[in-house]
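Novice: build the 3D model from these lines:
(chains A, B, C, D, E, F, G and H)
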Number of protein chains: 8
Amino acid sequence: MNAAAMSEVMLDFERRRRTGLDEAIFAMGKSVAQLDVILARSEERRVSLLITRLSAEQHAQLAPRWAAKLDYCSVSRTAIFGVVAPAVADNRIAIVAAGSSDAAVAREAQRTLTYQGIAPEVIVDVGVAGLWRLMQRIEELRRFSVVIAVAGMDAALPTVLAGLVPGVIIAVPTSVGYGVAAGGHTALNALLASCGQGITVVNIDNGFGAACAALRVVRAQACASDSL
Amino acid sequence: MNAAAMSEVMLDFERRRRTGLDEAIFAMGKSVAQLDVILARSEERRVSLLITRLSAEQHAQLAPRWAAKLDYCSVSRTAIFGVVAPAVADNRIAIVAAGSSDAAVAREAQRTLTYQGIAPEVIVDVGVAGLWRLMQRIEELRRFSVVIAVAGMDAALPTVLAGLVPGVIIAVPTSVGYGVAAGGHTALNALLASCGQGITVVNIDNGFGAACAALRVVRAQACASDSL
Amino acid sequence: MNAAAMSEVMLDFERRRRTGLDEAIFAMGKSVAQLDVILARSEERRVSLLITRLSAEQHAQLAPRWAAKLDYCSVSRTAIFGVVAPAVADNRIAIVAAGSSDAAVAREAQRTLTYQGIAPEVIVDVGVAGLWRLMQRIEELRRFSVVIAVAGMDAALPTVLAGLVPGVIIAVPTSVGYGVAAGGHTALNALLASCGQGITVVNIDNGFGAACAALRVVRAQACASDSL
Amino acid sequence: MNAAAMSEVMLDFERRRRTGLDEAIFAMGKSVAQLDVILARSEERRVSLLITRLSAEQHAQLAPRWAAKLDYCSVSRTAIFGVVAPAVADNRIAIVAAGSSDAAVAREAQRTLTYQGIAPEVIVDVGVAGLWRLMQRIEELRRFSVVIAVAGMDAALPTVLAGLVPGVIIAVPTSVGYGVAAGGHTALNALLASCGQGITVVNIDNGFGAACAALRVVRAQACASDSL
Amino acid sequence: MNAAAMSEVMLDFERRRRTGLDEAIFAMGKSVAQLDVILARSEERRVSLLITRLSAEQHAQLAPRWAAKLDYCSVSRTAIFGVVAPAVADNRIAIVAAGSSDAAVAREAQRTLTYQGIAPEVIVDVGVAGLWRLMQRIEELRRFSVVIAVAGMDAALPTVLAGLVPGVIIAVPTSVGYGVAAGGHTALNALLASCGQGITVVNIDNGFGAACAALRVVRAQACASDSL
Amino acid sequence: MNAAAMSEVMLDFERRRRTGLDEAIFAMGKSVAQLDVILARSEERRVSLLITRLSAEQHAQLAPRWAAKLDYCSVSRTAIFGVVAPAVADNRIAIVAAGSSDAAVAREAQRTLTYQGIAPEVIVDVGVAGLWRLMQRIEELRRFSVVIAVAGMDAALPTVLAGLVPGVIIAVPTSVGYGVAAGGHTALNALLASCGQGITVVNIDNGFGAACAALRVVRAQACASDSL
Amino acid sequence: MNAAAMSEVMLDFERRRRTGLDEAIFAMGKSVAQLDVILARSEERRVSLLITRLSAEQHAQLAPRWAAKLDYCSVSRTAIFGVVAPAVADNRIAIVAAGSSDAAVAREAQRTLTYQGIAPEVIVDVGVAGLWRLMQRIEELRRFSVVIAVAGMDAALPTVLAGLVPGVIIAVPTSVGYGVAAGGHTALNALLASCGQGITVVNIDNGFGAACAALRVVRAQACASDSL
Amino acid sequence: MNAAAMSEVMLDFERRRRTGLDEAIFAMGKSVAQLDVILARSEERRVSLLITRLSAEQHAQLAPRWAAKLDYCSVSRTAIFGVVAPAVADNRIAIVAAGSSDAAVAREAQRTLTYQGIAPEVIVDVGVAGLWRLMQRIEELRRFSVVIAVAGMDAALPTVLAGLVPGVIIAVPTSVGYGVAAGGHTALNALLASCGQGITVVNIDNGFGAACAALRVVRAQACASDSL
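Specialist: Numbering: from 1, shown residues only, chains lettered A, B, ... in the order given. As a prediction, this is how the structure comes out:
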């Protein structure tokens, strides 16, 4: 392995003990040599890894021995390394995306949850320009503890949701759009300024962060239930 | 009258002939001496005037002889000078405001229309955080040629409206709010980026401009009907 | 068809009934698999479709069976799927573009209107730096119910127009330019801040939205005329 | 009561049934006449109310009969109208503020929770410039289901927290500071860009929203426990 | 005089020799003690001074002995100290302002030129929303060497001018307006992005700077003529 | 020629008569078909043309018959079409660029002037980080009527120049740099905020506009001299 | 003392041991009750305190017993509480301010250094628009280890300095100015983008921070010297 | 050599004498012809050169005779031309980077220091999300005169460091990240707004500038020591 890269990587294997969440690898800006060190150390320790923002270019440049062991999804640019237990469906977490164009971000959230053992319900293309699409799913959505709501452009979906369901709402603005929408800043600001009560927000396109926040919620629930 | 001020004012009395709309006086930044010249020239010509953005301070500093002839509304900061014909109600223009805090901007639009002879329907506090409030008025709203939709913060109301009514939608973002909402730029951008089809937008807090645009629509209608 | 993509698409075929406008497909950010599902569902229902922001790359990747049925325009990045009735010219809608560089956005508006059966008048390269070019067309422009005004950089054209014609003015800022003009935000803000009375504005480069707004105007007219 | 104001207020008394949260009154931008209508309707229905962003000026202008019935806190600009049950302390929600200057925002969150029956733990002045202050409370903080973390300037506190505690983290940026910090946008962006996993964020100075989000979490917990 | 203030002031009396322009005093942010030192040193040297951005508050706080010797204009917030030669009118510099609200900035430019001996032609309220007002002065304007064009909001006036007159155009954006216009940044950017050829721009509300630039032009002319 | 393109081009051959400057063709965003129409019309009229922002890609796609008649400079992306008289050197206009990286913008200004018959003095790489480089040329620079000062990053050069030379200063910010400098907005704002008296500014990288402004100055001079 | 305030203040008396710098109290946003607790705890511990951003209003509201013990400077809004040793002049730190308007920020830096025992050299009004003023002090400035350079508007002074002196340069942008300069962001960005080598920057108007950074330099020097 | 390029390059070989730092070549935006001139002049004078921001494309296009004499590092895009003395390790300067993705910027700082004869300690991947990684190196870091702290996203690392170590802290924000982090502006602003005392900041990704500032510190130390 590359010596400089070895000195540039220090993994935090104790994070789950402290926070309940494994460290994940944010691949953007990392060199192939650094990724190589990271994968080798994980293999050595026999731990699984979730890698986010791994571009198709980076994925293609990894050594062949790693490629075979990575479950890579090019839509969400996520990879799972090592063996993980199968996820279980339940009514704790739903992911709702306003448009088909938001599906990639929804997929990042879904893959992060699946990696941690939870199979979320996923509902796509229910933006409020055709309100009936959301309304026919609303009773179902009222049963979830957490709704991750993914929306770009003006991001009106989470506001409408917040007035109709009691669960925790974690909104993810997306960078879909052009003109004033491009980059997702308008969606982000609209969500922060929303008149919907108790909406929480994460960074633009941050499906991973939304999933981590949802995990914090359901694990806090589990603890609370345990202590009954 | 103040000589400098006299040389600084040149009114456009022919605008109605060209565009169907009277010139209105934008008072922000004008001195009392300039306003004095403007009122005197209107009186001389025996024409009525709509004045917008006339602050309470400016209004209080005007010469007493003008104050008596001005119908001033401190909520919308508009004044009407001279005699205008009574407005007539019809189902052409509705003004819909998302929250009580948006009422001042809705009032500016309403006063502009009334000055031009049209009494609009006004519906306030029907934001989408409590969606039932809008839904119980929606059939009524489907009958109007133009809906002026006033909303601050994330401005989700016009997007929902655009998916439900066929009329022209003129959205007015308002500066209501704090943090990322303050100043109305988030509301403005959300409206421009809206996934609602065919929404048009005017400047922040510009109830006057929305009313003028609505007048252009109903006058174009009248012309079209005349030519049948 | 791709199963994931099938679950990510939910079309709103009833939009015309509610709003008078068909749903259009915004292709930016959609995968080829998603577009495939959309076209198949439209074919199945025997409805025509307007697709916007379809890049040349996306168009080239579509299955051959679709390419033959799409009328694609690479300048405006729009495609029309299925059979549509021929458009009729009349004096209701004009499109005016300030410079040759704004022609692509004007074309998107034009194609959207044509798809809906209206052939607009189109006038290009009449920016105010050479004012005579606009002035020689102004009497003609005074006859239209709606003028869609397309302009980039400082977007002074719609302001001058608004002082000269009585019709509805829907301004489209374009992203033409460099330095402070790049991206179209300066054109957008200049239009919103315009001293021209009753100008309405849509998102940067949004020829489609301007056309939809124009359609709302002429349909409201038709209704008003019908009820005479 | 003022007739115009009466037509400008439409309360959403059913929100709790739908979302588990009462509607709260956002006083910023509301007239005294509008607030008067709101209080009268609540009294009539015999429901309590939480009012936020009620400035000292607005409070002073309310009719005397209301002032006596309002529990007003000038630091957080919140008022409680009517009788509410005493709050109960438990280990579900903690509020942590980085500096003394952030105390007003923390207080808004605290008052919102107290109004809903939960007395949170409040810890102030534990910013990371003197890291020992936070570290001596960290074991205690690891026991809470939700930590509301309030911080201005560079807002580094929630990032450090996120690496040390397993609970849900709801970060509130504050507008404390000057230069690039003024207005809270830097704190907001730093929180959204944080490398701390699973941090959720609300609008600048939005202690109320953070409390509502925390209530969604603990109520989702309660439901989950009930269904055991 | 205040000792600290004395050490904080170092006047540049040789600037005219180097650049043809006297140093002017920018009063914003200066203490009364500092202004006192500045006036005393000028008096001592028997030189006149132009002071800009001198607020009414600062002016009122100056020692009485200075007030009597200052020609103060509260509209433009400029003061002239000492004796200056009377200005001469000629056809070298014109100042054109789009609206009455822009008159204060035009006045700052006018006073700066007058202080330097040139009486400019001043034309106010000829914005392009009523194009005929500008057109009836255009032949006259074609005769000036320099046109200082003052405009706020969308600042379309200088663009139209640039297509019609051959002289040097120095555009001054103003902070008149609200919403996206507030502060003058939209006017500034529209001027920089203008399709009018050869427009030059100065800072928002900087009538003083525009006048200095105009002086550079006419002095360069004088030199060129001298060398014939 | 392409019919659509023909309807999208309307040249302003009378601009020189009105303003003293020929229309130039801004190629950015224009199609090859549009450029083809433009060149054909110029050839037909036997007039020369200056084309700016003509990318290497556009240039390569032009029909071979045009390529032979174009004098193309890839550094400044300008092309000259047709025959122009040789330029004459004199001491009216100098171009000063702060760094070697600013040379492309300086070249655009230089080519524009040459096209109009004036050969400017060009001085490059005299940024103020090594002040002696500027100081050894300063006496020479004091003799020019106009100095076009090109600078990126913090653009300190024109400020220093403005304190040392009497000529007209037209500053051109450049987009050279990274981080906060990228795009040239910092250079632009620094120039507008400069404490140097009477600096005028044009858009980022707008060497063409600076040259046009300089031409307005020297032509105003010529007129003034003529009228002696 | 106020109980709530007592729980909101936790001082970091050990900071000097860790970092060499005492904690200072940032008064902006703190209540009088909180300041009261802070002063009482310092008195109890018999330590001195530096308070920054203490507005005249806050100072006036403090209990009389504190006012007598505070050395307050209204220009820099700083207060010193308790007894501090007299400062010693040496050639380690100089403060250079571009204009008289920047003197308040320079004073904050000066007072912070004096509190820590170092009397800096202070040179004001040597901006580069009159370059000779700086040049006549440059040999002197070359002898200092650290130069704190305070400048607003375009902040060109530190760039010029960086090319002429070898010492550490800590630049402080100030919020002096209007238009694009207002708020100090242009000065800040110009400093960050400066072509001057090795300039470091602190927040806008942050004289305190610059002084702390300078103290870190001279203390690191002292350590280095001790270890010889 | 290219004549135009020769006239566009003027090197500042005397900079070290004035400031202690050699001029370095900023390659971004320079043509290959200009770089050729620069290298030839250095060779002629027999001086070494540091080149920054030299892209792989530029490097590949240099004439073969130069390539052989350049020590090029593609990670940091720096090249060293000519012979330089070997660097010496000591405890004066440490470079600390928060994440592996920040390593390229750290490398630019490291190479700049090495070129000047100082081998810094480099510590990578010690971000505060896993605080223990930093804490186990903190005693070591307390011994350095200068710590260059490199961090992207929310850039919390330098704030924590500033509370724990006494040395000079030069923070370098990096452009690592997406959404609100993209471009590094959030990291930059968080550093400027940091509550850590005495942090200084340089431009985004400016490892070179941080190294130059560090050199100014250690050379000022050396001078101070010499004068003992």
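
Novice: what segments of chain A are helices?
Specialist: A:3-7, A:15-19, A:32-45, A:56-61, A:64-67, A:103-115, A:131-135, A:138-141, A:157-162, A:185-192, A:207-226 (DSSP state H).

Novice: do I have it right that A:Gly163 meets B:Leu131?
Specialist: Yes. In this structure A:Gly163 lies within contact range of B:Leu131 using Cβ atoms under 8 Å: 5.8 Å. Any C-beta I mention is one placed from the backbone N, CA and C, and that applies to glycine too.

Novice: hang on, A:Ala156 packs against A:Ala193?
Specialist: No. Between A:Ala156 and A:Ala193 there is no contact, the gap being 11.7 Å when judged by Cβ under 8 Å.

Novice: with neighbour numbers in mind, choose between the two.
Specialist: It is A:Ala156, of A:Ala156 and A:Ala193, that has more neighbours when counted by other Cβ atoms under 10 Å in any protein chain shown, with 31 against 28.

Novice: and the nearest residue to the more buried one once chain neighbours are set aside, how far from chain D?
Specialist: Setting aside the residues directly before and after it, A:Ala156 is nearest to B:Ala156 in space (Cβ to Cβ, 6 or more residues apart in numbering or on different chains), at 3.8 Å. Separation of B:Ala156 from chain D (Cβ to the nearest Cβ, to the nearest Å): 15 Å.

Novice: how about the contacts made by B:Ala156?
Specialist: In this structure, B:Ala156 makes contact with A:Val128, A:Asp154, A:Ala156, A:Thr159, A:Val160, A:Ala190, A:Ser194, A:Cys195, B:Ala98, B:Gly127, B:Val128, B:Ala190, judged by Cβ atoms under 8 Å, 6 or more residues apart in numbering or on different chains.

Novice: one more: A:Asp102?
Specialist: Applying Cβ under 8 Å, 6+ apart to A:Asp102 gives the contacts A:Val124, A:Val150, A:Ala151, A:Gly152, A:Thr174, A:Val176, C:Gly29.

Novice: ok, so what distance separates the residue lying closest to A:Gly209 once chain neighbours are set aside from H:Ala181?
Specialist: By the measure of Cβ to Cβ, 6+ apart, the closest residue to A:Gly209 outside its immediate chain neighbours is A:Val202, 4.2 Å from it. Using Cβ to Cβ, to the nearest Å, one gets 12 Å for the distance from A:Val202 to H:Ala181.

Novice: pull up the overlap in contacts between those two.
Specialist: Contacts common to A:Val202 and H:Ala181, judged by Cβ under 8 Å, 6+ apart, are D:Leu192.

Novice: check contacts around the nearest residue to A:Arg16 once chain neighbours are set aside.
Specialist: Computed as Cβ to Cβ, 6+ apart, the closest residue to A:Arg16 that is not its neighbour in sequence is A:Asp22, at 5.0 Å. With contact taken as Cβ under 8 Å, 6+ apart, A:Asp22 is in contact with A:Arg15, A:Arg16, A:Val47, A:Ser48, A:Leu49, A:Leu50, A:Gln116.

Novice: residues contacting the nearest residue to the first one once chain neighbours are set aside?
Specialist: In space, A:Arg15 comes closest to A:Glu23 once its chain neighbours are excluded; the distance is 4.6 Å by Cβ to Cβ, 6+ apart. By Cβ under 8 Å, 6+ apart, the residues touching A:Glu23 are A:Leu11, A:Asp12, A:Phe13, A:Arg15, D:Gln197, H:Gly130.

Novice: nearest to chain C among these?
Specialist: Nearest to chain C out of the contacts of A:Glu23 is D:Gln197 (Cβ to the nearest Cβ; 26.5 Å).

Novice: surely A:Gly207 and A:Cys73 touch.
Specialist: No. Under the criterion of Cβ under 8 Å, A:Gly207 is not in contact with A:Cys73, lying 11.5 Å apart.

Novice: which neighbours do those two have in common?
Specialist: Here A:Gly207 and A:Cys73 have A:Arg107 as joint contacts, going by Cβ under 8 Å, 6+ apart.
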